[in-house]
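Undergrad: predicted model, plus sequence, below.
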Amino acid sequence: MSVTSTDFDNGIRLIQFSGNSATQSFSRKFLPQIAQAIDAGLIHPNVRAIVLTGEGKFFSAGADIQAFAQSIEEKDAPQLIRDLTGILHPLLIRMRQSSTISIAAINGACAGGGLGLALACDARIASPNAKMAASYSGMGLSPDGGTTWLLPRLVGDQISRRFFFENEIWNAEQCVSVGAVDALVEDENLIDSACGIATRWSQWGNHTKEATKHLLDIQSVHDFETHLKHERTLIEAAGTTAAFKEGVTAFIEKRKPNFQQE
């Protein structure tokens, strides 16, 4: 199997891209497999978080360049790009809007659409072999995969501009120093560290997770007054949830809340 899923305790699912699904992730063959695996985790009632990782030197290296060359020869390039972004872009939206937490355990190179996939996660943990590259400029393409929306929110506008226009490749230390990655750990600790974050971040109620992700994503397009109104609507909705009742009860009983039963 090119894309495998393994379930751990506490509702954590590890999704690994191996072989060509890591080196040629964004192809008509492998991208549907990746999307199907991630979607299965997002909708599974017992999966509270997913951890994405690759194999060997690659997390997700982006497009199948040979397929691009063939599409140019056959004058099919716009349709190929339309087909791939038609799968990738809705997937990224589902990841950002889901109450399921997603963590990228970046073991190697992530580029192009693979970079977008990593940036769309709620957190990123890297091993010393991790690398980030856009690679669009060198291919004569403009960026996609949400990279020009996601990266500036992590590292700022000007660092992002340099990254894209210089066609930079960041090593693991650079990724951490600019804020594109949350932590750097040794190879042997990568999955455990990612699962640890996944466990902590996914312990909260579903409405809490979904609403928090939503509010953080939209805060930059709202003025303060509008954002406060939006917060009020969502926290009022939270007041009707089982998680709110459990949280209040746990506080009164001086114990840790258990939101796993939602």
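TA: Done, it's in.
Undergrad: going forward, measure contacts and count neighbours with C-alpha atoms only.
TA: Will do.
Undergrad: point out where the stretch 1-150 of the chain drops to low pLDDT.
TA: 1 (pLDDT under 70).
Undergrad: tell me where it has helices.
TA: Assigned by DSSP state H, counting those that start in this stretch, the helices in the stretch 1-150 of the chain fall at 20-23, 31-43, 65-73, 77-97, 113-119, 147-155.
Undergrad: other residues contacting the shortest one?
TA: Contacts made with helix 20-23 from outside it, assessed by C-alpha atoms under 8 Å, 6 or more residues apart in numbering, are listed as 2-3, 30-31, 34, 54-55, 58-62, 64.
Undergrad: what's the closest of those residues to G247?
TA: Within the contacts of helix 20-23, the smallest distance to G247 is 35.6 Å, found for I34 (C-alpha to C-alpha).
Undergrad: residues touching the residue lying closest to that closest one once chain neighbours are set aside, list them.
TA: Of all residues not flanking I34 in the chain, V3 sits nearest, at 6.5 Å (C-alpha to C-alpha, 6 or more residues apart in numbering). For V3, the contacting residues are 15-18, 21, 33-34, 37, by C-alpha under 8 Å, 6+ apart.
Undergrad: check E231 too.
TA: Counting by C-alpha under 8 Å, 6+ apart, E231 touches L215.
Undergrad: name the SS class of it, please.
TA: Three-state call for E231 (DSSP: H, G, I helix; E, B strand; the rest coil): helix.
Undergrad: could you measure from it over to A134?
TA: Distance of E231 to A134, given as C-alpha to C-alpha, to the nearest Å: 34 Å.
Undergrad: check S98 too.
TA: Separation of S98 from A134 (C-alpha to C-alpha): 25 Å.
Undergrad: what of G116?
TA: Separation of G116 from A134 (C-alpha to C-alpha): 9 Å.
Undergrad: who has more neighbours, these two?
TA: A134 (29 against 26; other C-alpha atoms under 10 Å).
Undergrad: so that one touches F164, yeah?
TA: Yes - counting by C-alpha atoms under 8 Å, F164 is a contact partner of A134 at 6.4 Å.
Undergrad: check contacts around the spatially most central residue of the chain.
TA: The C-alpha lying nearest the average C-alpha coordinate of the chain belongs to C121 (C-alpha atoms, centre = their mean; 2.0 Å). C121 makes contacts with 95-96, 101-104, as judged by C-alpha under 8 Å, 6+ apart.
Undergrad: tell me the buried residues within those residues.
TA: 95-96, 101-104 (16 or more other C-alpha atoms under 10 Å).
Undergrad: tabulate the residues you listed (CSV), appending distance to V181.
TA: Formatted as CSV, the buried ones among the contacts of C121 follow (distance: C-alpha to C-alpha, whole Å):
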residue, distance to V181
M95, 18
R96, 17
I101, 16
S102, 14
I103, 11
A104, 9
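Undergrad: and of the residues you listed, the nearest to W170?
TA: A104 (16.2 Å).
Undergrad: okay, the closest one and A198: tell me how far apart.
TA: Distance from A104 to A198, by C-alpha to C-alpha: 10 Å.
Undergrad: give me the common contacts of these two.
TA: Common neighbours of A104 and A198 (C-alpha under 8 Å, 6+ apart) are V51.
Undergrad: mind checking how far L115 is from A104?
TA: 10 Å.
Undergrad: ugh, typo on my part, it should be V181
TA: Per C-alpha to C-alpha, V181 is found 9 Å from A104.
Undergrad: got any residues that touch both of those two?
TA: In contact with both V181 and A104: 123-125, using C-alpha under 8 Å, 6+ apart.
Undergrad: residue contacts, G114?
TA: 25-26, 59-62.
Undergrad: what's the neighbour count on the nearest residue to N206 once chain neighbours are set aside?
TA: Nearest residue to N206, sequence neighbours excluded (C-alpha to C-alpha, 6+ apart): S99, at 5.3 Å. By other C-alpha under 10 Å, the residues close to S99 number 24.
Undergrad: for S99, give me its contacts.
TA: S99 neighbours (C-alpha under 8 Å, 6+ apart): 48, 206-210.
Undergrad: now distance to C110, neighbour count and secondary structure too, for the residues you listed, in CSV please.
TA: Shown next, in CSV, are the contacts of S99 (distance: C-alpha to C-alpha, whole Å; neighbours: other C-alpha atoms under 10 Å; DSSP: H, G, I helix; E, B strand; the rest coil):
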residue, distance to C110, neighbour count, secondary structure
R48, 24, 26, coil
N206, 29, 22, helix
H207, 31, 21, helix
T208, 30, 18, helix
K209, 26, 18, helix
E210, 26, 17, helix
